[in-house]
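Visitor: sharing a model prediction with you, sequence too.
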2 protein chains.
Amino acid sequence: MASATRPGSRLGSDDWVAAAYDRFREEGLGGVRVEAIARDLGTTKGSFYHHFGDRAELVAAVMDRWEREETDHFMIEADAAPGPRERLEVLFRGIGQRRIPGEDSLYLDAEREGVTDCVREVTDRRVAYVAAALVELGIEPAEARRRALATVGAVLGLEQLARGGVGPIMAGRDEMQRTLLAIMTSP
Amino acid sequence: MASATRPGSRLGSDDWVAAAYDRFREEGLGGVRVEAIARDLGTTKGSFYHHFGDRAELVAAVMDRWEREETDHFMIEADAAPGPRERLEVLFRGIGQRRIPGEDSLYLDAEREGVTDCVREVTDRRVAYVAAALVELGIEPAEARRRALATVGAVLGLEQLARGGVGPIMAGRDEMQRTLLAIMTSP
DNA sequence: ACCTGAACACCGTTCAAGT
DNA sequence: ACCTGAACACCGTTCAAGT
C-alpha cells in the first residue's frame, strides 16, 4: 500500500486519513473501511477509535482533503480561456470528468455516507461559475442562475445515464456537450 | 411485516420476493438483506439459498416487479394530455417524482447492485417518449433525441442536486421545470 | 424438496487489559 | 496516550445434518 508507514512507530490520525485517502482514490468512499485500512497500516481496527469517534469522522476527513485538492482545478483552467463561451466549454468538460476512480461514485455515495454538505458546496461553486459566464453572454442574472442549475444538473444526470449505458451517450459525449452549450446559451 | 405468511407452511421463492419487495418499498435496495428478510419471514437465512443462487438474484427479481408495476404510470397519464407541450409537463413532473420511498435511491443504488440494465431500459423508454413530443413540436428527430437526453439527464441531475440541498432548487421546483421546458422546446 | 444450525469471512464498535 | 485482543451485532454464503 502506498501509505505504509515505518513499522513499529505509532500512528497519528493523519496516517489514518492518508491511508483512507489512498483507498478513496481507488475505490471511492465505499473502500474507506476501518478494518481494511487497519490491515493496510499493519495495525488493529481497535486502535482506530483512539483517533476518531467513528468511521463517519474518517470519511469526513477524506472529503475535506478531496475538496481542498481536487475541486477547483478546472475553474483555474477555465479562467485562462479567452471568453465566456470557451470558459463554458472547459467547465462542461470538467464537471463531467473524474480525475480519480474514487470520484466516479461520489455523488452516488455522498448521501449514504452523510457528506452531502461537502458535495453541495462544490456544486454551488460550479453553478455560480457557470451562471457568471452566462451573464457575460447577455442572459439576465435570474435566468442565468436557473440555466446554470439546469446545465450542471444535466451534466451530472447525463454522466449518471452514461454509466447506466443509456443510448449513444458514451459515443456522443462531445456532441451532447455542444448541444447543451447551444441550448443553454440561446437568447 | 406485511408479507408474514402462515407460519408452519413452507416458503416458495415468491414469498421471498414479496417480503423483499416490501423492504425495497420502504428502504430501497439497501434494505433487501437476506438475513433481515429471513427474520421478517420467521425463517433462517440458510433456507434462502434453496430458492435463489445469491442475493443478486433476489434483487433482480425485485427490480423486475418494480419495472412491471411502477414504471409506466405517468406515460399513461401523459397520453391523456391534449398536446405535446402538456404531455411534456406531465413527463417532467413524473420523471422527477418518486412514488415509493424505496425509489429515492434507485439511481444511486442501481450500479452497486448490478441492476443498471433494468433502470436503463426504463430511462430509454422515457427518453424516446420525450423525443417524440419534441418532434411533434417541430424539432428535427436527431436534435430532438439529443434534447430529450439532455432533458431527462437534467431532471435526474436536478433531483440529485435537490437531495444534496443545492441552492433554491427545492423551493423553485416548478420554476425549474418551466425553465427546462422553455429551453428544450426553443427553436 | 425444503429447512435448521453452525460455520466462515467480512464489516463497525466497544472495552478490558496491556505498553 | 496509544495499542492489542477479544467480544458483540450485523452482514453474505456454504454445508452437513435433519424432515
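Guide: In hand now; what should we look at?
Visitor: please make it C-alpha for all contacts and neighbour counts, starting now.
Guide: Will do.
Visitor: so which bits of chain A are right by chain B?
Guide: Applying Cα under 8 Å from any Cα of the partner chain, we find that chain A lies next to chain B at A:107-109, A:111, A:116-117, A:119-121, A:123-124, A:146-147, A:149-158, A:160-161, A:164-167, A:176, A:179-180, A:183-184.
Visitor: ranges for the helices of chain A?
Guide: For chain A, the helices defined by DSSP state H cover A:13-27, A:34-41, A:45-48, A:55-70, A:73-79, A:84-96, A:106-113, A:116-136, A:141-164, A:173-184.
Visitor: tell me the most buried of those?
Guide: Among the helices of chain A, the stretch with the highest mean neighbour count (mean count of other Cα atoms under 10 Å in any protein chain shown) is helix A:141-164, at a mean of 23.
Visitor: what's the angle from that helix to helix A:106-113?
Guide: Per axes from the mean of the first three to the mean of the last three Cα atoms, to 10 degrees, the angle that helix A:141-164 makes with helix A:106-113 is 90 degrees.
Visitor: get me the contact residues on chain A for DNA strand D.
Guide: A:9-12, A:42-48, A:50-51 (Cα under 7 Å from any atom of the strand).
Visitor: could you redo the last one with a cut-off of 10 Å?
Guide: Contact residues (Cα under 10 Å from any atom of the strand) of chain A with DNA strand D: A:7-13, A:15-16, A:35, A:38-39, A:41-52.
Visitor: what's the first-to-last distance across stretch A:131-146?
Guide: Length of stretch A:131-146, first residue to last, Cα to Cα, to the nearest Å: 8 Å.
Visitor: any stretches of chain A with poor pLDDT?
Guide: Scanning chain A for pLDDT under 70 picks out the ranges A:1-9, A:164-171.
Visitor: the most centrally placed residue in it - nearest residue in space that isn't next to it in sequence?
Guide: By Cα atoms, centre = their mean, chain A has its centre lying nearest to residue A:103, at 5.4 Å. Leaving aside its sequence neighbours, residue A:103 sits nearest to residue A:28 (Cα to Cα, 6 or more residues apart in numbering or on different chains; 6.2 Å).
Visitor: hmm, residue A:105 and the one you found touching each other?
Guide: Yes - contact criterion Cα atoms under 8 Å: residue A:28 and residue A:105 qualify, at 6.5 Å.
Visitor: now residue A:184: closest residue in space that isn't a chain neighbour?
Guide: Residue A:184 sits nearest to residue A:147 (Cα to Cα, 6+ apart), 6.3 Å away.
Visitor: quick one: residues contacting that neighbour.
Guide: Applying Cα atoms under 8 Å, 6 or more residues apart in numbering or on different chains, we find residue A:147 in contact with A:131, A:184, B:179, B:180.
Visitor: excluding sequence neighbours, find me the nearest residue to residue A:101.
Guide: Leaving aside its chain neighbours, residue A:101 sits nearest to residue A:26 (5.3 Å; criterion: Cα to Cα, 6+ apart).
Visitor: would you confirm that that neighbour contacts residue A:104?
Guide: No - contact criterion Cα under 8 Å: residue A:26 and residue A:104 do not qualify, at 9.7 Å.
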